Structures are given as structure tokens and as C-alpha cells.
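Chemist: coordinates only, sequence not included:
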């Protein structure tokens with residue numbers, strides 16, 4: 001049953017696009033479950049030609065505006081779709097950017113801070129607010145990395161609100177090699193997660209190391225604009241008390257560890273909406289086995305496509321010819337079909 005959308009509390013800003021004066025941005029705080037306020041950015045074209053809005057969910061690292069709407073040239077993935085006539089909403093899950101974090105009992109070591117259940121609640125709140133605001137019945141839902149995991153779970157719970165679901169570089173529950181597992185496993189038991197903190201804390205200077213490492217050419221500036229890379233690091237860490245460190249909920253790491261060993265937090269067979277699953281060739285987070293397994297499991301979707309395209313994990317921030325253009329085309333072709 002659909003929950004009525006919650007009321008907007010405040011509009012934080014309204015500004016013009018750097019490259020297109022016909023696009024405006026508004027930041028909203030809305031009431032959410034668990035006595036929280038969630039931060040949503042609305043990126044709107046003055047000439048909106050598409051009725052169904054596109055909702056973007058960030059991954060486990062930086063939040064939604066950092067990931068999808070950096071204020072530098074080639075830094076806004078959201079604007080690519082606004083330029084095509086779509087209204088785009090960037091949703092921050094609790095604990096990311098300006099979205100509030102609940103009061104947890106940290107004496108309980110079993111708590112997963114930022115679980116897929118909590119994230120799904122927040123997506124539900126945001127989507128209902130958007131449906132009410134725009135007077136529409138459904139949204140296009142896009143999730144990157146852990147955002148694809150969260151949005152996938154949401155899509156199995158509330159398919160009536162989802163026109164299409166798109167996942168980029170996300171893990172799925174299949175036991176297969178995962179290079180990052182070595183950093184998260186217990187020293188005493190290789191199939192148990194080593195919980196050293198409830199949060200992820202990363203110095204600003206470390207935030208793009210994996211991105212840089214996976215770019216397969218020596219001159220990184222030919223693949224990624226240096227201004228985009230600098231802006232990504234700066235804005236990612238700009239929301240906490242210490243603006244030199246990114247601090248976000250760390251529960252996604254625990255769930256990702258267990259997904260890499262085969263635990264399914266949701267089943268692709270329960271996706272009953274059109275689904276596009278994308279993985280990039282140079283991704284360090286998802287695995288080819290994720291793509292293949294979700295393809296086999298996704299037997300009840302009315303229309304589905306699973307593809308591998310060129311690009312890094314951060315393909316939407318790479319230069320257009322390095323996979324970004326292909327990603328945008330695949331997404332537009334799918335949601336307009």
C-alpha cells in the first residue's frame with residue numbers, strides 16, 4: 001500500500017546551471033521515518049518534455065550531489081538527463097550529505113548502520129514525496145554500486161512505483177572472487193566480516209585512488225578531467241565536522257562482504273518491472289558473475305537487459321568518449337523504449 005508523501009520542509013537553494021541557464025537546482029529537506037530529515041536535490045529543465053522523473057541513488061562512498069551533480073564542467077551526470085527534458089531527483093540516504101542519521105545504540109555491536117532495510121525506507125519516503133510533488137504514478141529508478149543494491153531491494157517491495165530500474169556496477173548475492181574481500185574479512189574467520197567501526201572514514205586525498213588506479217593509461221587527464229577529480233574529493237568530504245574526511249555509514253561494507261560470498265538480501269526473480277543491469281569493463285566493485293547471476297535470476301521482469309560497457313567504476317564522471325556517452329545512450333534508449 002502506498003504511503004502518502006511527506007511534506008517539504010525547506011528549499012535550501014535555487015541556482016542556475018553552469019552551462020545551461022534553462023536548468024535550475026533546488027535542495028529540499030523532507031520528513032522521513034525514524035524522525036529524520038532527508039536531503040533531496042531536484043535538477044529541473046525549464047522545458048520538461050518527459051513526464052516520468054528520474055531518481056538517482058548514490059553508492060556507499062560520497063553522496064548524491066557529489067556523485068551526480070558536481071558544479072564543474074563534465075561533473076554533472078544529472079544535467080545530462082535534464083538536458084534531455086527529464087526532471088532528475090538526487091536522493092541522499094540517511095547519514096549521507098545533509099540527510100540526518102538516527103540515534104543508534106552503539107553498545108550493540110550487531111547494528112548495521114545504513115542497512116539495505118533503512119535505505120529502502122528512505123527511497124520509499126523520497127519516491128512517495130516525488131510522486132505527490134509531480135503528480136505522477138511512477139519514477140525511473142537508477143542506483144550506482146551499493147545504490148543499485150538498495151534500489152533493487154526497493155524495487156522488489158514497491159514495483160507499482162517503478163517505471164524502470166537501472167543498476168550500474170552493483171554487487172549481487174553470488175559466491176565469486178572479490179578483490180576487496182581481503183580488506184573486510186576477519187583475521188580469525190575468512191567468511192566473517194571484521195567490524196572495526198560503524199562508519200567509513202576516508203581522508204579526502206584517498207577518495208579517488210581506486211579510480212586513478214583503474215584508468216588504464218598513463219596520462220589520466222586524457223580519461224578524466226582533473227577539475228572533476230578535484231571537485232569530487234572536495235565535495236565528498238564537505239558535509240561533516242571535519243571537511244578533510246568523508247564519514248558515512250559503514251553498513252554497506254558488511255552487506256557487500258556477505259553478498260560477495262553469496263548472501264542474497266533480495267531476489268532478482270522478484271523484480272517485476274523493466275530492468276537494465278550495466279557493468280563497466282574496468283569496474284573494481286562488481287564482478288562479471290554478478291551480471292550473469294542476476295541475468296539468470298531475473299525471470300519475471302517484463303523487459304530486461306544485462307550489458308557490459310567500456311568505462312571505470314566512475315564512468316559517469318569520466319570523459320564522454322571513455323564510456324560516459326555510451327552509458328547515457330543505453331539508459332535513454334531503455335527508459336524511452
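Modeler: Cool, got the structure. All figures in this text were calculated on a predicted structure; none of them were measured in a lab.

Chemist: Can you name the next helix or strand after the one helix or strand residue 256 maps to?
Modeler: Using DSSP states H and E, residue 256 sits within helix 251-260. Using DSSP H and E, the next helix or strand after helix 251-260 towards the C-terminus is strand 275-280.

Chemist: That following strand pairs with which strands, parallel or anti?
Modeler: In the sheet, strand 275-280 lines up against strand 162-168 (parallel), strand 304-309 (parallel) (DSSP bridges).

Chemist: circling back: what's the helix holding residue 256 in contact with?
Modeler: By C-beta atoms under 8 Å, 6 or more residues apart in numbering, the residues outside helix 251-260 that reach it are 59-60, 112-116, 118, 146, 149, 171-176, 178, 180-181, 184-185, 193, 195, 198, 200, 265, 287. All C-beta spots, glycine's among them, are computed from the backbone N, C-alpha and C.

Chemist: circling back to that earlier point, residue 239: which of the strands paired with strand 275-280 is closest?
Modeler: Among the strands paired with strand 275-280, the nearest to residue 239 by C-beta to C-beta is strand 162-168 (22.9 Å).

Chemist: list the contacts for the residue nearest to the spatial centre of the chain?
Modeler: Closest to where the C-alpha atoms of the chain average out (C-alpha atoms, centre = their mean) is residue 58, at 2.3 Å. Residues in contact with residue 58 (C-beta under 8 Å, 6+ apart) are 64, 66-68, 90-93, 96, 144, 147.

Chemist: Which pLDDT value goes with it?
Modeler: Here, the pLDDT recorded for residue 58 equals 98.

Chemist: And for residue 2?
Modeler: 40.

Chemist: Kindly report the same for residue 7.
Modeler: Value for residue 7, per-residue pLDDT: 40.

Chemist: now residue 24, nearest residue through space, not along the chain?
Modeler: residue 44 (5.4 Å; C-beta to C-beta, 6 or more residues apart in numbering).

Chemist: Quick check: can you name the pairing partners of the host helix or strand of the one you found and their directions?
Modeler: Per DSSP H and E: residue 44 is located in strand 36-45. Here strand 36-45 has these sheet partners by DSSP bridges: strand 23-32 (antiparallel), strand 88-91 (antiparallel).

Chemist: Need the contact partners of the shortest one.
Modeler: Residues outside strand 88-91 that contact it (C-beta under 8 Å, 6+ apart) are 38, 40-44, 53-58, 64-65, 67-69, 78-79, 81-82, 122-123, 126, 130, 139.

Chemist: Mean confidence (pLDDT) on that strand, please.
Modeler: Rounded mean pLDDT across strand 88-91 is 98.

Chemist: same question, stretch 188-198
Modeler: In this model, stretch 188-198 has an average pLDDT of 95.

Chemist: Buried residues, that stretch. List them.
Modeler: 193, 195, 198 (16 or more other C-beta atoms under 10 Å).

Chemist: Equivalent analysis for stretch 51-63, please.
Modeler: Going by 16+ other C-beta under 10 Å, stretch 51-63 has these buried residues: 52-63.

Chemist: before we move on, the earlier item: let's have the buried residues of stretch 188-198 in JSON lines, adding secondary structure and distance to residue 102.
Modeler: Formatted as JSON lines, those follow (DSSP: H, G, I helix; E, B strand; the rest coil; distance: C-beta to C-beta, whole Å):
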{"residue": "193", "secondary structure": "strand", "distance to residue 102": "21"}
{"residue": "195", "secondary structure": "coil", "distance to residue 102": "18"}
{"residue": "198", "secondary structure": "coil", "distance to residue 102": "12"}
